[in-house]
Structures are given as C-alpha cells and as structure tokens.
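J.: Structure for the following, please:
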Amino acid sequence: MSRAVIIYYNDVDVFDNVPCPTPFVTRSNAVINFGKKFGQTSSITLDGVITGHNFTGVDGLYQKSSNVLSGFSQNFKNLKIVDTSSGTQTIFDNLVKVNSIDFQENTFARLVEFSINLEAYESGLFPANFGVLDPADNIDVSKTEDGQISINRTVSARGYNTSSGSSNALQNAINFVNSRTGVGYLNQYSLPHFIQKTGQKNLVLSSQSESINRFEATYSVEESYKYQELSGTDSDLYGSSLTYPIYKTCTFNFSPETSDSPREEASFNIEFSTNKGATEFYYLRETVTKYVNKLRENGVSSIQDSMVQEAVNNFNLSNGALFYQLSEDQEASKINLELNITNDSTFNVDYGVYFTENYSFNNDPIRDFTDINYDFTISPFGLVSTGTITYDNVPQAQRPLKRSYKYYYDNILGGSYGSSNLENYVSGRAYSGFTGLFTDGYLADKIKVIELSKQDNPSNGVISVSSTSTNSEVFKSGDIKNGSYSISVNAPIKIIKAARSSLNDSDYVITEYDTTYTRQDCDVSFDASYNSNKQLSTSNLKNEINTNAKSFINKIKTKVTGENFLLVSENYDVNQFNGNASSSHSFSSKHTEDLYKVKVNPYLGSVN
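T.: Purely as a prediction, here's the structure:
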C-alpha cells in the first residue's frame, strides 16, 4: 500500500507491518504558566483503522493489532512524521510519551478502529529552561536594627525526560536549579529597596543545602546569605571598594577591675568571612593582614572599625598591653581574630606570653632544713602589638609553642641549649626564694635540685616546669656526690633530791636545792656515696667524710642548747667497691638553763 505520509516511532515505520491507511494525525498545544508563559505541551493523536478478513492467522486482525501495540510499547522514544508527496518534508520530530492506545470494542472481523494518544515537550515551545516543570525561585529578606541583613532563598524544579537513551529527568532538574543558585546568580537580582547599596554587591553565602526526590525527579536547594551595609568608619577593613565581599561580626567582653580581681581585661572576637574559593580566601587574608598590621603598629585606638571603636570609646581601652591571636579555616573561608587588652603585669609584650611562677616552702624549724617547691608556666596568647611577627606568614602565627620556646630559650636557658641550663635556672630561683624568705637561711649554699620535670603542650603552646630543691643534702663538695643524715637529741632530765627534815626524823623535805640535770645527748649519723670514677683510697674517703661530718656537726652544735660539748663516740664504715660510706657521731652537752639553784617553797610530805 503506497503511503504519502510515513510515521516513524523509535526509527521504525510501525504501520508498514500493519497494512492500513495512514492514521489521521491531530495535534494540540497546552500552555504552561508560572507567572508568565513558561512553555507548552503538545498532544498528538493518531486515529486509524486496521483492515482484514479473519480474527486469527498471520493476516488476522488480532495479529495486526498486536503489531501496533508492539510498535508503541516503549515510552520516551522519538516520533517522526514525514510527508513524501512532494519531496521529503518532516512534519513532526520529537521525543514523546505514550499516554494510551485504545482499540474500538468489536469482533475483530473485517476492520478495527484504534486511537493512540501521545504527549511531547518540544524544545521549540520553551523559551528557556527546557527539561523542567514546576519551577520555583523564592527569596526572603530580613534586616535587623544593627544593619545586618539576612537573605534566605529556595530554588526547586521537577524534571522530565528529554533523552531516548536513558532517563535524565532528575539531571534536568538539577541543571536548572544549579544554574540559578550561588552568589553569581543572586548578584544579578535587584536587592530590596531598603538595602543601602555602596556601588558593589557584598553578599556572602553562609549556608547551602539540597533536597532530592529521585522517584518524582524533583530537586531543590536552600541558601542563606548575609549582607553588611558598609560605612566610612569601617574603611580600614573595606577601603574604598571590595574586590570580593567580606562579612564581619564582633563580640566584645569586658572584665572590670575589682578588689578580688585586680586584672582589668577586655577582649574582642572578630570573625571575617567570605565566599568559598581559593581566590576569595586569599583576598580575605590579604585584607585582614592590612587590618592587623595597622593594629600592631598604631594600637587599637587607631583602627577605623565602627564595632571596635564603639567599645574602645565607651570603656576607655586605649591603655594596656595589646595582644591577639589569629586562626583561619580556609575550607569555611573564615579568619578569626581574638584581640585582647590587659594590664596584667605577668604578660610579656615582647614575646606575647604570660610568665607566671609560684613558690612553696616546707621548713623543719628544729633542724632548719627546707624543701623549696618552685614552678613556672609560659602561656602564649597570639601575636603581640610591638613584636616583629606579622600576619604575612599565617603558618608562623599558628605555632604558639614556637613563641613559648622563644621566651624559654632566651630567658630560661640563657640563649643556649644545655643539659644543665634548666636545672641551673631552677636552682637559682630556688636559692633566691629561699634567701628572700629566710634572711639567715641555714645551709643556703647547699641548695640543690632533687626533682625536675618539664611538660610541653603543642595544642595550646604552654610550657610548664615544676621542681623541688632542698638544702638537706649536705654532701656536695669534693668527690662526695650524695648524702643523707639523721639527728636525734635526748633532752636533759631534771634531778630533784630529797633531804631529811630537821623538824621530824620521819619526814623528808622535797626541794630543788642543789638540783642538777643529766647531760643532753645528740646522735648524728651519715650515709654517703662518692664519685666512683675517681678511685679514692679508703683513708682519703674517710678523711673526706670526716671533714664534711665535722663541719656539719659544728653547725649542728650551734643549733643545740648546751655547753661543755664532749665527743662520746665516732665510727666509720667505708666500702670502696660500691662507693658507699657511713659514719656516726655522738656527743653530749651540759644543760645551760639558768634555773639550777632556784629557791621555791618546799613541799612537806612523807616518803615511805
């Protein structure tokens, strides 16, 4: 059967396998409105008749009807209608969706009528945004009393398939939404009339979230923007114009001087943020660098920043040590500046660290031996206003431990590393504290460090050192390297005599006439070790111990009340092989209290 008009579906002449006249084609359009004409849908109907003789068989009407069903069994394939009556002219060529195939109810004898309903979204009928339906683009703007402006925006769409190979409905929705989101697109909009423009857009994207429904091919994005009105008082940050937007927030805290806390402190926490992107962040860093360097060179009162100046003027913060620390988060496109002002005397402006130290003493008042506990802490607090460190090198600014070590190296170690440098410093501070508290400190020249620990905290840059020193280890001279001792004193005992009474032979008078005292005993023992690298003879070692022991005994005697000291015993035990030695000394003294002959009223009583 010769046909002038040929209908192809999925590149197949469907009706060539179904001998029948070319179906009657009708086409109608429906407008899609979303505020304005968004697009049109095309509805195409193929009405035809299948001819034949019998119900069954190869040429039967049932089989021919099945061929029609098979030809349009797949959705979203290309429909092409070609007129060949005078050359070749394409009447219709587009992807379509098969909505329905209907056969007229009959006996399938001689002829069967059918109707095929197709739907198409033709690209030519969409002025823009081909591939999506139900588009939405909503903006909500709010402004606070301090001039901070927030913009919330939602963009969404439902996609439809425009591909014969595979479904791309969701991707069409995603492409539509992404083409209308982000700072670049929103800057094309005219902001509300109440926003005071400064000749430039200053929108910063603060958050963005998406929602996907794969079954319905819908996609939406919610965005939050922040906007800041600029003024001349903020020129130190913004200058005359901004290449990229910068948004600034400031939090201020003030702690006044009180009787309980003499430290007056103020702090600013300033956050600078911009849109994500390496170029935008590098511009932010460059701008903040200029801001911080002026702060470092001229002080807080010179900064043209409306937020900072309001606090400076209200709280008179022009004086005091100024210091700050910087931290940055490139992934979030933020730089945080913590600015502090303090009158704390423990803060060292040249290094930007607090240096605090503490003493505690444990003194034995009888023997006058003292343990001195001394500790110090170096705590960095960012860069300093009068120092040489700038924000030009951000990684340098993020190493607080390095600043602490600079102070530690210069002021604790004296500018050179050495195994004994720290011990010598701590020992010197212990000696200074000891002699300052105990003006006539006993054995001050014998103070030495017996415990020492140092701890570094890389997370906050704090260096802590604690130590214990003592003057109770007396053997520190010559080849004697260590020693310990014990002292015991037996106090004198009063002796009271009883005499017969001259009044009554059976009575005695208990009196203190001719009262005497026992001698006071003192025992001193020593245990010591000497430097085994030097092979001293037993006699030499004995002499060393004897010299130190006698010197120590003489100092002990000045602390013991008495006179007429007598050496009772003296012993030595020396082991040359392991370097240990010990000695013991005992001496006694006569009581010196001026109460030997004190006359008191006698007590009369019977002694059985």
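
J.: The closest residue in space to V112 that isn't next to it in sequence and I487, how far apart?
T.: What sits nearest to V112 in space, not counting adjacent residues and going by CB to CB, 6 or more residues apart in numbering, is I50, at 4.6 Å. Bear in mind the C-beta positions are built from the backbone N, C-alpha and C, glycine included. To I487, I50 is 129 Å away according to CB to CB, to the nearest Å.

J.: who has more neighbours, the two?
T.: The residue with more neighbours, out of I50 and I487 and counting by other CB atoms under 10 Å, is I50; that gives 24 against 16.

J.: Which secondary structure elements does the helix or strand hosting Y354 sit against?
T.: Element membership of Y354, judged by DSSP states H and E, is strand 353-364. Helices and strands touching strand 353-364, as assessed by 3 or more CB pairs under 8 Å, 6 or more residues apart in numbering; DSSP states H and E, comprise strand 347-348, strand 369-380, helix 400-407, helix 421-437.

J.: Just list whatever residues bridge to L205.
T.: Under DSSP bridges, the beta-bridge partners of L205 are Y225.

J.: Report the contact partners of it.
T.: G182, V183, E223, S224, Y225, N275, K276 (CB atoms under 8 Å, 6 or more residues apart in numbering).

J.: Show me where the stretch 401-550 of the chain has its strands.
T.: In order along the chain, the stretch 401-550 of the chain carries the following strands (DSSP state E, counting those that start in this stretch): 448-457, 462-470, 480-490, 494-495, 498-500, 508-510, 516-517, 520-530.

J.: and of the ones you listed, who's closest to Q40?
T.: Nearest to Q40 among the strands of the stretch 401-550 of the chain is strand 448-457; the distance by CB to CB comes to 69.8 Å.

J.: Can you pull out the residues in contact with the closest one?
T.: Residues outside strand 448-457 that contact it (CB under 8 Å, 6+ apart): 401, 422-423, 426-427, 430, 462-471, 473, 476.

J.: what packs against the host helix or strand of E310?
T.: Element membership for E310 (DSSP H and E) is helix 306-315. Under the contact criterion of 3+ CB pairs under 8 Å, 6+ apart, the helices and strands touching helix 306-315 comprise strand 247-255, strand 265-273.

J.: could you redo the last one with a cut-off of 7 Å?
T.: Using 3 or more CB pairs under 7 Å, 6 or more residues apart in numbering; DSSP states H and E as the contact test, the elements touching helix 306-315 are strand 247-255.

J.: buried sites along the strand it packs on?
T.: Applying a neighbour-count criterion of 16 or more other CB atoms under 10 Å, the buried positions in strand 247-255 are Y247, K248, C250, F252.

J.: Repeat that for stretch 351-358.
T.: Neighbour counts using 16+ other CB under 10 Å place Y351, G352, V353, Y354, F355 of stretch 351-358 among the buried residues.

J.: Using CSV, write out the CA atom coordinates for that stretch.
T.: Taking Å, rounded to 0.1, in the frame of the first residue of the first chain, the C-alpha atoms of stretch 351-358 are listed here in CSV:
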residue,chain,number,x,y,z
TYR,A,351,57.2,37.7,73.3
GLY,A,352,53.4,37.7,73.6
VAL,A,353,53.4,35.3,76.5
TYR,A,354,52.3,35.2,80.2
PHE,A,355,55.1,34.1,82.5
THR,A,356,53.9,33.0,86.0
GLU,A,357,55.9,31.4,88.8
ASN,A,358,55.0,30.0,92.2
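
J.: And the residue nearest the centre of this protein?
T.: In the chain, the centroid-proximal residue (CA atoms, centre = their mean) is S459; its distance is 8.6 Å.

J.: How are the strands of the stretch 151-300 of the chain distributed by residue range?
T.: Read by DSSP E, counting those that start in this stretch, the stretch 151-300 of the chain holds these strands, from start to end of the chain: 203-213, 218-228, 247-255, 265-273.

J.: pLDDT below threshold where in the stretch 151-300 of the chain?
T.: Under the criterion pLDDT under 70, the flagged ranges of the stretch 151-300 of the chain are 188-201, 230-232, 239-240, 257-263.

J.: how about the helices of it, start to end?
T.: Using DSSP state H, counting those that start in this stretch, the helices of the stretch 151-300 of the chain run over residues 169-178, 183-186, 235-238, 278-298.

J.: Out of the ones you listed, the one nearest K143 is which?
T.: Ranking these by proximity to K143 (CB to CB) places helix 183-186 first, at 16.4 Å.

J.: so how far is that closest one off the chain centroid?
T.: Put simply, helix 183-186 sits 32 Å off its chain's centre (CA atoms, centre = their mean, to the nearest Å).

J.: Which residues does it contact?
T.: Contacts to helix 183-186, defined as CB atoms under 7 Å, 6 or more residues apart in numbering, come from residues R153, L203, L205, Y225, N275.

J.: Repeat the analysis, applying 10 Å as the threshold.
T.: Outside helix 183-186, the residues within contact range by CB atoms under 10 Å, 6 or more residues apart in numbering are 137, 139, 151, 153, 155, 178-180, 201, 203-205, 223, 225, 244-245, 275-277, 280.

J.: who's in contact with Q74?
T.: Residues touching Q74, when contacts are defined by CB under 10 Å, 6+ apart, comprise Y9, N10, V98, S164.

J.: List only buried entries from those.
T.: Under a neighbour-count criterion of 16+ other CB under 10 Å, the subset of the contacts of Q74 counted as buried comprises Y9, V98.

J.: Widest-spaced pair of the contacts of Q74?
T.: Spatially, the most separated pair among the contacts of Q74 is V98 and S164, at 12.9 Å (CB to CB).

J.: Need the residues touching each of the two.
T.: Shared contacts of V98 and S164, defined by CB under 10 Å, 6+ apart, comprise Q74, N75, F76, K77.

J.: any chance of the contacts of L205 in JSON lines, plus neighbour count and distance to L413?
T.: Below are the contacts of L205 laid out as JSON lines (neighbours: other CB atoms under 10 Å; distance: CB to CB, whole Å):
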{"residue": "G182", "neighbour count": "15", "distance to L413": "55"}
{"residue": "V183", "neighbour count": "18", "distance to L413": "52"}
{"residue": "E223", "neighbour count": "21", "distance to L413": "55"}
{"residue": "S224", "neighbour count": "15", "distance to L413": "52"}
{"residue": "Y225", "neighbour count": "23", "distance to L413": "53"}
{"residue": "N275", "neighbour count": "21", "distance to L413": "47"}
{"residue": "K276", "neighbour count": "15", "distance to L413": "45"}
